[in-house]
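K.L.:
here's my sequence, what's the structure:
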Amino acid sequence: MKIKNYRWIVVALLFFATTINYIDRQIIGLLKPILSAEFNWTESDFAYIVMTFQAAYAIGLLIMGRVIDKIGTRIGYSVIMIFWSIAGMFHAFARNALQFCIARFALGIGEAGNFPAGMKGISEWFPKKERGIATGIFNAGTSVGVVMALLIVPWILVKFSWHGVFLITGGIGFIWLILWLLFYQIPSKQKRLTKEEFELIKDDDSHKVAAEQEVSSVKIKWSKLFSFPQTWALITGKGLIDPIFWFFLFWLPSYFSSTFKLDLTRPSLELIIIYSATTLGSFLGGYFSSLLVRKGWGAIDARKRTLLIFAIAELSIILVQYSTAMWMVVAIISLAVAVHQAWATNVFTMAADMFPKEVVGSAVGIAGMAGAVGGILFPLLVGFLLDTFKSAGNITAGYNMLFTICGFTYLVAWLIIHFLTKNRSALKIEDLE
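P.N.:
Numbers count the residues shown, from 1 in each chain. Okay, the predicted model is just below:
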């Protein structure tokens, strides 16, 4: 049976995969106070556990992007979902910091494939004028996953203890896997796709470059991607900014717990509002740049203008240190995390704009690896600052310093991206051969 607008079913599958991805990774942050008390972790101990995940994520991104380009989106996504779901469940059996590090390492390797596979799927299914909003929907799964974790983790924790949290959430991935195998194929092999929609997808310039096929037959040297400024622009956009979102994910619950005495054993309205704001940021960020493209802007210029607007808006997080009212802090941080997701959506979309679809997975993997490397280093600073200020009896001052660093980093990243992509056009497949 033919289904109209089938590409939006595809993006829904990508959205739910990303939601599961972020449920699984966010759990450790929500359980931090409980696990720290049970296993006597310091802030630096927790930083090492976070760094282990980031190190694995960096390694996985470097590998997974290339692997997915070779074996295809359908098989690649299936493999990584199985791997990270099992790794998530393994956390339930950890009994010390080392075993948690091992579990986090395995989770990081598996979860690393999500964004390379997702962006490859979008490049296969969406024309440029729709990629921004499609990426926004896909990327919104990051924030919805965090919100879902906030809602379900306290309930599971009360009913089944923290061990049950890891087992139950890890099992959700296998439900998604069934739906993925039932519904996903590339457009040329999808029998449910209407002729009109296939022509819409195929008509885009980026889909004329090479014939539709699940695995590219074009031989491309992966290392050659590093010779292009466009690759380094992506590396900058992810490498400097991703660590900030890791900080938001893993330390915000603890920040509200220590600063405002928030009880993390119950669903937190404050955190739900903050992480829900990231969903809005994903949608609006993708919509705005796609609107500029529809109005005649070049795709890369539209993404860059959008990134500049959001880099300026991100400076607002510096105001946190001047507010002692919890709900004012919630409002400021909500804006900051929404802006971050709008930024991330456009950086991902730039990958599909600047690279042919045969190497989108590899390009996203390289950029994501840079973000993960930053995520390895930034927790060292976070742990050091928070332990230092905590020993001085003012851990909130440590958080305020970190918020200030976060606020200025986006403008620095935008300036680098601007000069790397100035007067640069999208790469073609012949440029890479």
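
K.L.:
any idea which helix or strand carries residue 70?
P.N.:
Using DSSP states H and E, residue 70 sits within helix 43-71.

K.L.:
in that helix, what's buried?
P.N.:
Buried residues in helix 43-71, counted by 16 or more other CB atoms under 10 Å: 43, 45-69. Every C-beta, even on glycine, is put in place using the N, C-alpha and C of the backbone.

K.L.:
neighbours of residue 195, how many?
P.N.:
8 (other CB atoms under 10 Å).

K.L.:
which secondary structure elements does the helix holding residue 70 contact?
P.N.:
helix 7-30, helix 32-39, helix 73-90, helix 97-111, helix 114-125, helix 242-260, helix 360-391 (3 or more CB pairs under 8 Å, 6 or more residues apart in numbering; DSSP states H and E).

K.L.:
do you know the pLDDT at residue 211?
P.N.:
Note for residue 211: predicted pLDDT of 40.

K.L.:
leaving out chain neighbours, which residue sits closest to the residue nearest the centre of the chain?
P.N.:
For the chain, the residue nearest the mean C-alpha position is residue 142 (5.9 Å; CA atoms, centre = their mean). Computed as CB to CB, 6 or more residues apart in numbering, the closest residue to residue 142 that is not its neighbour in sequence is residue 22, at 4.9 Å.

K.L.:
what about the one you found, distance to residue 58?
P.N.:
Going from residue 22 to residue 58 by CB to CB, to the nearest Å gives 18 Å.

K.L.:
residue 130 too?
P.N.:
From residue 130 to residue 58 the distance is 31 Å (CB to CB).

K.L.:
quick revisit: ok, now which ones touch the residue nearest to the centre of the chain?
P.N.:
18, 19, 21, 22, 278, 282, 341, 344 (CB atoms under 8 Å, 6 or more residues apart in numbering).

K.L.:
what is the least confident helix or strand in the protein?
P.N.:
helix 429-432 (a mean of 70; mean pLDDT, DSSP states H and E).

K.L.:
which positions in that helix come out as buried?
P.N.:
The neighbour-count check on helix 429-432 (16+ other CB under 10 Å) flags 429, 432 as buried.

K.L.:
and if you look at stretch 129-147?
P.N.:
Going by neighbour count (16+ other CB under 10 Å), the buried part of stretch 129-147 is 130-147.

K.L.:
stretch 395-411 too?
P.N.:
For stretch 395-411, using 16+ other CB under 10 Å, the buried residues are 395-407, 409-410.

K.L.:
only C-alpha atoms, please: export it in PDB.
P.N.:
Output of stretch 395-411 as PDB, limited to C-alpha atoms (Å, rounded to 0.1, in the frame of the first residue of the first chain):
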ATOM      1  CA  ILE A 395      29.900  25.100  45.000                       C
ATOM      2  CA  THR A 396      27.400  27.500  43.300                       C
ATOM      3  CA  ALA A 397      30.200  29.900  42.500                       C
ATOM      4  CA  GLY A 398      31.900  27.100  40.600                       C
ATOM      5  CA  TYR A 399      28.700  26.500  38.500                       C
ATOM      6  CA  ASN A 400      28.500  30.300  37.800                       C
ATOM      7  CA  MET A 401      32.000  30.300  36.500                       C
ATOM      8  CA  LEU A 402      31.200  27.400  34.200                       C
ATOM      9  CA  PHE A 403      28.000  29.100  32.900                       C
ATOM     10  CA  THR A 404      30.100  32.200  32.000                       C
ATOM     11  CA  ILE A 405      32.600  30.000  30.000                       C
ATOM     12  CA  CYS A 406      29.700  28.400  28.200                       C
ATOM     13  CA  GLY A 407      28.100  31.700  27.300                       C
ATOM     14  CA  PHE A 408      31.100  33.000  25.400                       C
ATOM     15  CA  THR A 409      32.100  29.800  23.600                       C
ATOM     16  CA  TYR A 410      29.400  29.900  20.900                       C
ATOM     17  CA  LEU A 411      30.600  33.300  19.500                       C
END
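
K.L.:
what residues does that stretch touch?
P.N.:
In contact with stretch 395-411 (CB under 8 Å, 6+ apart) are residues 240-241, 244, 247, 251, 255, 258-259, 310-312, 314-318, 320-321, 336, 339, 343, 381-382, 385-386, 388-390.

K.L.:
tell me the buried residues within those residues.
P.N.:
With neighbours counted by 16+ other CB under 10 Å, those contain buried members at 240-241, 244, 247, 251, 255, 258-259, 310-311, 314-315, 317-318, 320-321, 336, 339, 343, 382, 385-386, 389-390.

K.L.:
in a helix, that's where residue 263 is, yeah?
P.N.:
No: the assignment for residue 263 (DSSP: H, G, I helix; E, B strand; the rest coil) gives coil, which keeps it out of a helix.

K.L.:
is it true that residue 273 touches residue 334?
P.N.:
Yes: contact between residue 273 and residue 334 holds when scored by CB atoms under 8 Å: they sit 5.9 Å apart.

K.L.:
higher neighbour count, these two?
P.N.:
Using other CB under 10 Å as the criterion, residue 273 and residue 334 rank with residue 334 on top: 19 against 16.

K.L.:
for the residue nearest to that one when sequence neighbours are not counted, identify the helix or strand it belongs to.
P.N.:
Using CB to CB, 6+ apart and skipping residues adjacent in sequence, the residue nearest residue 334 is residue 277, 3.9 Å away. Per DSSP H and E, residue 277 falls inside helix 269-294.

K.L.:
appreciated, that's everything.
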